[in-house]
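Sharing a model prediction with you, sequence too.
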Amino acid sequence: MKHLGIILTFVLSFQFLQAQEKFVVDVQKVGSDIQPDMYGVFFEDINFGADGGLYAELIENRSFDFHQPFVGWTPFGDVQVLNESPCFDRNPNYVRLNEKGLRRGTGLENVGFTGIGFKQNDDYNFSFYARSLAESEMTFKVILVSGENENIGIAEIQVSGKEWKKYSTQIKATATSAKGKVRLILQTAGVVDLDHISLFPAETWKNRDNGLRKDLVEALYELNPGVFRFPGGCIIEGNTLETRYQWKNSVGPVENRPINENRWNYTFDYRFFPDYYQTYGLGFYEFFLLSEDLGAEPLPVISCGLACQYESTECVAVGDLQPYIDDAVDLVEFANGPVNSKWGKVRAEMGHPEPFNLKYLAVGNEQWGEGYVERLIPFMEALNKKYPEIKIIGTAGPTPDGEKFDYLWPKMKELKVDLVDEHYYRSPEWFLDNAERYDSYDRNGPKVFAGEFASHHKSRNNNMRAAISEAAFMTGLERNADIVTLATYAPLFAHVDAWQWKPDMIWFDNFSVVRTPNYYVQKMYANNVGTNVLPISMDGANITGQDSLYASAVIDKNSSEVIVKIVNAGDKVHDLTIDLKGLKVTAKNNNVDVCYLHNNLPEAINTLEAPNTIVPGRFSLTANEKGFRIKALGNAFYVCKLKISK
């Protein structure tokens with residue numbers, strides 16, 4: 001009897017843990033269209049995501065134009081910063097080296113952004129602009145130095161002439177070092193001026209000059225993003241209007257793009273500053289080009305004349321907005337204009353005569369209040385008049401609810417913006433509770449752009465719990481694809497040694513890239529978008545958290561597939577029956593391909609040391625004539641695909 005009791009207890013416990021539910025997908029009831037660019041990414045230059053990250057330049061402060069001009073550098077010998085008769089008028093500072101021939105050494109060292117990563121046998125392209133005040137030829141030695149202070153690459157450059165010229169050489173690293181530096185020594189007695197000292201890995205994304213870090217772009221490419229929002233949120237506004245992001249400063253010859261103080265320079269006081277600037281080497285041309293490479297629609301954000309309202313009350317009077325409005329109109333010309341137009345010519349001269357086919361433009365970031373509305377109006381009037389095809393994105397403010405949100409949404413409807421940018425940085429519980437947020441939205445108003453969102457676990461880690469809550473919330477975005485047409489997680493990148501904010505989708509150091517569970521959730525959505533929504537229900541209702549279950553379904557008419565997304569945000573295992581109502585399943589066409597993300601530990605994360613703790617897996621199921629069954633583990637996200645018989 002004792003053994004029988006144990007067996008009965010086990011059976012009852014198993015039945016309790018193994019809940020059974022039935023989902024019904026009505027395959028014949030094809031719903032609203034899904035925009036092919038619905039799921040994308042948002043880039044902001046935070047956490048050293050541009051300089052020191054995506055932008056492959058390895059030298060920090062290459063033109064000596066930081067407010068403290070030797071940040072990043074250690075000068076030795078007689079080295080001065082000057083700006084008379086500069087090489088570049090918008091980056092006027094340069095250094096003058098005076099070697100007196102006493103063999104004490106004159107030169108500079110640069111440690112990069114967090115040390116410079118060198119890989120054995122990789123080539124590095126070094127260059128600078130120089131002019132000599134001496135009559136004879138001057139010799140420089142360029143040394144790649146390891147973190148252990150060993151020379152792991154050496155080259156020489158000969159400089160001559162009193163006019164500014166560019167000099168370059170390629171250096172091969174003979175060893176690997178994660179925290180190296182570059183040492184530049186003037187070996188000949190005399191005086192030489194140097195500017196724009198640069199070092200790039202020879203291998204960049206598509207091996208372009210002024211290129212991007214290849215492994216980081218590859219991580220973006222794998223996401224298959226439909227839209228690419230850039231160049232940031234708060235950095236668009238700036239801490240002051242002077243430090244706002246100005247796109248016109250980010251195009252043209254890279255050497256003469258003026259630096260700008262980053263919005264995130266001093267916000268976090270636990271780290272050294274001021275050392276965070278924007279060289280604009282990764283500028284609007286490069287952003288448009290990257291969008292094209294990724295197959296994503298470019299979505300630039302521009303200043304509306306308000307500095308960051310969290311940091312400042314500085315604003316441009318409505319009557320003085322014309323230069324800002326001109327910048328917005330000219331941006332469309334830069335992206336789409338013919339080569340004989342003023343800004344289309346600039347694009348063509350940079351190497352892209354074909355238009356970038358810009359469709360979206362966001363005016364302002366997280367602004368709020370009447371001040372934003374009255375400034376948005378003249379932007380819309382000018383843009384609608386000259387470029388009525390451009391979809392204008394307004395904002396609902398910095399939060400997904402509250403006084404600012406409630407004020408702005410009716411105003412956005414009144415102004416008839418095309419999309420309203422909503423931001424939500426909330427707890428996993430908020431994301432789980434808001435899966436039906438858009439079920440009751442007005443279908444006759446503007447569309448929604450979920451422009452910045454991330455689940456903020458109390459640890460602020462990119463853990464499984466946060467990722468699963470985002471996957472659950474996104475079933476509601478997908479179910480309401482008629483109103484929610486774009487969605488981008490934020491922020492995108494963070495350097496493990498130089499971050500200001502977390503969580504972030506992709507973490508990296510000088511060598512490695514860590515794809516977070518949140519990254520894989522976005523990838524699973526963006527690679528399984530579908531063309532139309534299908535209704536999916538349990539007991540006649542949308543599946544929005546009943547017993548911690550969430551689901552959405554789509555049909556892809558292009559690939560002839562039904563795609564069902566299932567989230568189990570609880571601990572209990574669910575034995576699910578997926579009834580594909582109206583679908584003819586045949587013996588030749590009954591394979592269900594399942595991609596899943598799962599970990600039993602809600603606080604599990606991927607790290608540099610263990611980057612594959614949480615990665616998607618795959619398995620197959622066999623469907624019967626009515627559908628298929630799947631065992632949904634706790635803390636898991638599933639994407640199930642079945643071919644449609646023709």
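Arrived safely, thanks for sending.

Residue 189 - how many residues pack around it?
Other residues lying near residue 189 total 15 when counted by other C-beta atoms under 10 Å. Using the backbone N, CA and C atoms, a C-beta is placed for each residue, glycine as well.

residue contacts, it?
99, 100, 101 (C-beta atoms under 8 Å, 6 or more residues apart in numbering).

for residue 121, same thing?
So residue 121 contacts 172, 173, 174 (C-beta under 8 Å, 6+ apart).

Also residue 313?
Residue 313 is in contact with residue 307, counting by C-beta under 8 Å, 6+ apart.

any idea what it is structurally, helix, strand or coil?
Here residue 313 is coil, with the state taken from DSSP: H, G, I helix; E, B strand; the rest coil.

Ok, residue 221 next?
Once three-state DSSP is applied, residue 221 turns out helix.

longest strand in this structure, by residue count?
strand 190-201 (DSSP state E).

name the helices or strands packed onto that strand?
strand 94-99, strand 106-110, strand 123-132, strand 138-145, strand 177-186 (3 or more C-beta pairs under 8 Å, 6 or more residues apart in numbering; DSSP states H and E).

which stretch among those comes nearest residue 343?
Among the helices and strands packed on strand 190-201, the nearest to residue 343 by C-beta to C-beta is strand 123-132 (26.8 Å).

about what we covered before: so what's the gap between the longest strand of the chain and the chain middle?
31 Å (C-alpha atoms, centre = their mean, to the nearest Å).

now do stretch 240-250
Centre to centre, stretch against its chain (C-alpha atoms, centre = their mean), the figure for stretch 240-250 is 19 Å.

Also stretch 539-546?
Per C-alpha atoms, centre = their mean, the centroid offset for stretch 539-546 relative to its chain is 33 Å.

Could you do stretch 161-179 as well?
Taking C-alpha atoms, centre = their mean, one finds stretch 161-179 lying 30 Å from the centre of the chain it belongs to.

what comes up buried for it?
For stretch 161-179, the neighbour count (16 or more other C-beta atoms under 10 Å) marks 164, 171, 172, 173, 175, 177, 178, 179 as buried.

which residues in the stretch 501-646 of the chain form helices?
Taking DSSP state H, counting those that start in this stretch as the test, the helices found in the stretch 501-646 of the chain are 517-526.

Turn the helices and strands packed on strand 190-201 into CSV, including distance to residue 519.
Formatted as CSV, the helices and strands packed on strand 190-201 follow (distance: least, C-beta to C-beta, whole Å):
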stretch, distance to residue 519
strand 94-99, 41
strand 106-110, 31
strand 123-132, 29
strand 138-145, 32
strand 177-186, 23
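
Just give me the neighbour total for residue 229.
31.

Let me know whether it touches residue 296 as I believe.
No: checked against C-beta atoms under 8 Å, the pair residue 229 and residue 296 is beyond contact range at 9.3 Å.

which neighbours do those two share?
Shared contacts of residue 229 and residue 296, defined by C-beta under 8 Å, 6+ apart, comprise 40, 41.

and which of the contacts of residue 189 is nearest to residue 292?
residue 99 (46.5 Å).

dump the residue contacts of that closest one.
Per C-beta under 8 Å, 6+ apart, neighbours of residue 99: 77, 78, 105, 106, 186, 187, 188, 189, 190, 191.

ok, back up a step: quick one: the longest strand of the chain to strand 138-145, angle?
40 degrees (axes from the mean of the first three to the mean of the last three C-alpha atoms, to 10 degrees).

where in the stretch 201-350 of the chain is pLDDT low?
Along the stretch 201-350 of the chain, segments meeting pLDDT under 70 span 267-271, 273.

Which single one of the contacts of residue 189 is nearest to residue 501?
Closest to residue 501, out of all of those and judged by C-beta to C-beta, is residue 99, at 43.8 Å.

Quickly list what that closest one is bridged to.
When assigned by DSSP bridges, residue 99 has beta-bridge partners residue 190.

And it, how far from residue 106?
4 Å (C-beta to C-beta, to the nearest Å).

Now for those two: what residues contact both?
77, 78, 186.

Highest neighbour count among the residues you listed?
residue 186 leads these on contacts (other C-beta under 10 Å) with 24 neighbours.

In the stretch 351-500 of the chain, mark out all the strands, start to finish.
In the stretch 351-500 of the chain, the strands defined using DSSP state E, counting those that start in this stretch lie at 360-363, 391-395, 419-426, 447-455, 484-489, 493-495.

Can you report how many residues lie near the closest residue to residue 626 other than its chain neighbours?
The shortest distance from residue 626 to any non-neighbouring residue, by C-beta to C-beta, 6 or more residues apart in numbering, is to residue 579 (5.7 Å). Look at residue 579: counted by other C-beta under 10 Å, it has 17 neighbours.

pretty sure residue 579 contacts residue 627?
Yes: at 4.7 Å, residue 579 counts as touching residue 627 under the criterion of C-beta under 8 Å.

any residues in contact with both of the two?
Listed as contacting both residue 579 and residue 627 by C-beta under 8 Å, 6+ apart are residue 25.

moving C-terminal of the helix or strand containing residue 323, what's the next helix or strand?
In this assignment (DSSP states H and E), residue 323 forms part of helix 322-336. The first helix or strand that comes after helix 322-336 along the chain, using DSSP H and E, is helix 342-349.

how about that following helix: buried residues?
Residues of helix 342-349 classed as buried: 343, 344, 345, 346, 347, 348 (neighbour count, 16+ other C-beta under 10 Å).

Over to stretch 582-595?
583, 585, 590, 592, 594, 595.

Over to stretch 220-231?
Across stretch 220-231, burial judged by 16+ other C-beta under 10 Å covers 220, 223, 224, 225, 226, 227, 228, 229, 230, 231.

OK, contacts around the last one?
The one in question is residue 231. So residue 231 contacts 43, 44, 45, 50, 245, 247, 250, 284, 287, 300, 301 (C-beta under 8 Å, 6+ apart).

among those residues, who's most crowded?
residue 45 (30 neighbours).

my guess is it contacts residue 234, does it?
No: checked against C-beta under 8 Å, the pair residue 45 and residue 234 is beyond contact range at 9.8 Å.

which residues are in contact with both of those two?
residue 264.
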